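**Student:** Okay, predicted coordinates and the sequence, questions at the end:
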Amino acid sequence: MGEEGTEYGRLPDRAVAASSPASRQKLSLVPLIFIIFYEVSGGPFGIEDNVRAAGPLLAIVGFLVLPIVWSVPEALITAELGTMFPESSGFVVWVASALGPYWGFQQGWMKWLSGVIDNALYPVLFLDYLKSGVPALGGGAPRAFAVVGLTAMLTLLNYRGLTVVGWVAIVLGVFSLLPFFVMGLIALPELQPARWLVVDIHNVNWNLYLNTLFWNLNYWDSVSTLSSEVRNPGKTLPKALFYAVIFVVVCYLYPLLAGTSAVPLDRGQWTDGYFADIAKLLGGAWLMWWMQAASAMSNMGMFVAEMSSDSYQLLGMAERGMLPAFFAKRSRYGTPLVGILFSASGVLLLSTMSFQEIVAAENILYCVGMLPEFLSFVLLRVRRPDAPRPYRVPLGTSGCVAMLVPATVLILTVLALSTLKVALVSLGAVAVGLVLQPALRFIEKKRWLTFTVNSDLPGIDATHKPTAPDEPFLA
């Protein structure tokens, strides 16, 4: 990949900035908010399991407390490091700058795999909502062809451009959330606030409760791989993350408060899709059908948003010389062509997994991947306190460490509650990355594939002080 190690030369200084073709359309604030919304949430579809696992009170408390413990710290880290390194490799370059290129690659592998596993859910869930009306989609060849066709259609949206994805996310978001707003209004005369306080602490499925909460409130760092495609990322990215956190929490609490209070509690009924049943009880069949259609459309929004982040991550890793150069190839619309095709192939391969297996596996991979991010954030604060940061978390180093302690405890708790089978499969996937990076370096050394570094990107110093501007540096 040219001069070895040049992609880890030094941290960006005020005179150096990553550039991109001016002709490429950039994301503005509102489309970016909705992309983040779909990367993290997509709406309250799927939160029903929290009530089944722990009852109304703990479900409500969970969606009030976990955003403070988890979502806010992760969003703040993404705002600081995403604007410090506004490039497509996102969290990969954060870890590479603090811990070195080997661990940066491991971060990229774990996060990409976690994202692709997550994305494998959405075509399956989309068809699950349709199979009640079209029973043939319940299995066999019709379902397989439908998964392939749906994946191809949504992949085409990503190919057409990130601005297209952004505006599609807005349309889908409005359509998906309106039925919940209407249901809340209809529920007002039926509300009985005492139902919010129901709790049975001796009858809580903590594994299901924490996994569902965590799954619905993570992936805030995914937007970092799109930061190079954002208009004025130093200002736009922090604002978008701020508004998105509020947006996501409100979108969870509003229907949760309405649904648990307006109908008698039967925890056994609170499974995926139960909000549609509540809508039918409160508003009639028309509202149920609207909510089911919204659920299906929401899965489409989550798919295109997640695929955008996954594919741009591969492009960014190729621009840093971590992957073969063909991953950096862009389509005529400026989108990462090979990254999109590669991510779509991964989705198709994993779409046969069950919902529970997918959520548990991606949570483990995501948890393991967050620990190097936390460590890198603190190390960069300690080693490079004066490096330019367009946005800086308004805390000192000690404050940042304190902010991350509860989030780290949550990660360790989720890992401890995982089943042995899922843990072994997930750790096996992590082990693949440990040998994949040396294998790619061997391929590069043998020149079987071309590896290049984008000369427009600033260097990154993993362990050394910045070199003089004209001084060559080899990591």
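**Tutor:** Everything's here; your move.

**Student:** If I look at the residue nearest the centre of the chain, what pLDDT would I see?
**Tutor:** For the chain, the residue nearest the mean C-alpha position is Tyr219 (3.0 Å; Cα atoms, centre = their mean). You'll see Tyr219 listed with a pLDDT of 92.

**Student:** That one: what's it in contact with?
**Tutor:** 39-40, 115, 118, 306, 366 (Cβ atoms under 8 Å, 6 or more residues apart in numbering). C-betas here are computed from N, CA, C, even on glycine.

**Student:** Any chance of the backbone angles for it?
**Tutor:** phi 80, psi 20 (degrees, to the nearest 10).

**Student:** likewise Gly259?
**Tutor:** Here Gly259 shows phi and psi, under degrees, to the nearest 10, equal to phi -70, psi -40.

**Student:** Pro394 too?
**Tutor:** phi -80, psi 50.

**Student:** Tell me how many other residues surround it.
**Tutor:** A count of nearby residues for Pro394, using other Cβ atoms under 10 Å, gives 7.

**Student:** measure the residue nearest to the centre of the chain to Gly138 for me?
**Tutor:** Tyr219 sits 29 Å away from Gly138, going by Cβ to Cβ, to the nearest Å.

**Student:** got it, and Gly82?
**Tutor:** Per Cβ to Cβ, Gly82 is found 41 Å from Gly138.

**Student:** And these two? Which one has more around it.
**Tutor:** When Gly82 and Gly138 are compared for neighbours, Gly82 comes out ahead with 30 against 13, by other Cβ under 10 Å.

**Student:** just checking, the more buried one touches Gly234?
**Tutor:** No - taking Cβ atoms under 8 Å as the definition, Gly82 is not a contact partner of Gly234, at 9.5 Å.

**Student:** Run through the chain and note the low-pLDDT ranges.
**Tutor:** 1-24, 129-133, 352-360, 461-475 (pLDDT under 70).

**Student:** List the buried residues in the longest helix anywhere in it.
**Tutor:** When the chain is parsed with DSSP state H, its longest helix is helix 285-319. Along helix 285-319, these residues count as buried under the neighbour rule (16 or more other Cβ atoms under 10 Å): 287-288, 290-319.

**Student:** Quick check on the residue nearest to Gly234 when sequence neighbours are not counted: phi, psi?
**Tutor:** Closest residue to Gly234 apart from its sequence neighbours, by Cβ to Cβ, 6 or more residues apart in numbering: Pro390 at 3.1 Å. Torsion angles at Pro390 (phi, psi; degrees, to the nearest 10) stand at phi -50, psi -30.

**Student:** okay but Pro390 is in contact with Leu81, surely?
**Tutor:** No - using Cβ under 8 Å, Pro390 and Leu81 do not qualify as a contacting pair, with a distance of 10.7 Å.

**Student:** who has more neighbours, those two?
**Tutor:** Each of Pro390 and Leu81 has its neighbours counted (other Cβ under 10 Å); Leu81 has more, 27 against 16.

**Student:** The more buried one: what's it in contact with?
**Tutor:** Contacts of Leu81 (Cβ under 8 Å, 6+ apart): 91, 94, 224, 376-377, 380.

**Student:** and with 6 Å instead?
**Tutor:** Leu81 sits next to Trp94 when contact means Cβ atoms under 6 Å, 6 or more residues apart in numbering.

**Student:** That one: which element?
**Tutor:** Assessed by DSSP states H and E, Leu81 sits inside helix 72-84.

**Student:** how distant is that helix from the center of its chain?
**Tutor:** 13 Å (Cα atoms, centre = their mean, to the nearest Å).

**Student:** got it, and stretch 312-326?
**Tutor:** 19 Å.

**Student:** repeat for stretch 183-196
**Tutor:** With Cα atoms, centre = their mean as the basis, stretch 183-196 stands 32 Å off its chain's centre.

**Student:** Now do the buried residues in it.
**Tutor:** Here stretch 183-196 shows 183-184, 186-187, 195-196 as buried, counting by 16+ other Cβ under 10 Å.

**Student:** now stretch 404-420
**Tutor:** Using 16+ other Cβ under 10 Å as the test for burial, stretch 404-420 gives 404, 407-408, 410-411, 414, 417-418.

**Student:** Strands of the stretch 51-200 of the chain, start to end?
**Tutor:** Taking DSSP state E, counting those that start in this stretch as the criterion, the stretch 51-200 of the chain contains no strands.

**Student:** Contacts made by stretch 138-152 with the rest, please.
**Tutor:** Applying Cβ under 6 Å, 6+ apart, the contact partners of stretch 138-152 are 123, 127, 131, 136-137, 344, 347-348, 351.

**Student:** May I ask which two of those are separated the most?
**Tutor:** Farthest-apart pair in the contacts of stretch 138-152 is Ala136 and Ala344; separation 23.8 Å (Cβ to Cβ).

**Student:** More neighbours: which of these two?
**Tutor:** Taking neighbours as other Cβ under 10 Å, Ala136 and Ala344 compare with Ala344 leading, 24 against 12.

**Student:** Would you confirm that that one contacts Leu157?
**Tutor:** No - using Cβ atoms under 6 Å, Ala344 is not in contact with Leu157, being 11.4 Å away.

**Student:** Report whether the expected contact of the residue nearest to Gly234 with Lys235 is present.
**Tutor:** No - using Cβ under 6 Å, Pro390 is not in contact with Lys235, being 7.4 Å away.

**Student:** rewinding a little: using JSON lines, lay out the contacts of Tyr219 together with distance to Ala279.
**Tutor:** As requested, the contacts of Tyr219 are arranged in JSON lines below (distance: Cβ to Cβ, whole Å):
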{"residue": "Glu39", "distance to Ala279": "26"}
{"residue": "Val40", "distance to Ala279": "23"}
{"residue": "Gly115", "distance to Ala279": "31"}
{"residue": "Asp118", "distance to Ala279": "26"}
{"residue": "Glu306", "distance to Ala279": "26"}
{"residue": "Tyr366", "distance to Ala279": "31"}
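
**Student:** Filter those down to the ones in helices?
**Tutor:** 39-40, 115, 118, 306, 366.

**Student:** which residues are contacting stretch 105-120?
**Tutor:** Residues from elsewhere that reach stretch 105-120, judged by Cβ under 6 Å, 6+ apart: 92, 95, 303, 306-307, 310, 313, 317, 322, 343, 346-347, 350-351, 358, 361-362, 365-366, 368-369, 372, 429, 433, 437.

**Student:** can you rerun that using 7 Å?
**Tutor:** Residues outside stretch 105-120 that contact it (Cβ atoms under 7 Å, 6 or more residues apart in numbering) are 91-92, 95, 222, 303, 306-307, 309-310, 313-314, 317, 322, 343, 346-347, 350-351, 353, 358, 361-362, 365-366, 368-369, 372, 429-430, 433-434, 436-437.

**Student:** which of the residues in it are buried?
**Tutor:** Using 16+ other Cβ under 10 Å as the test for burial, stretch 105-120 gives 105-120.
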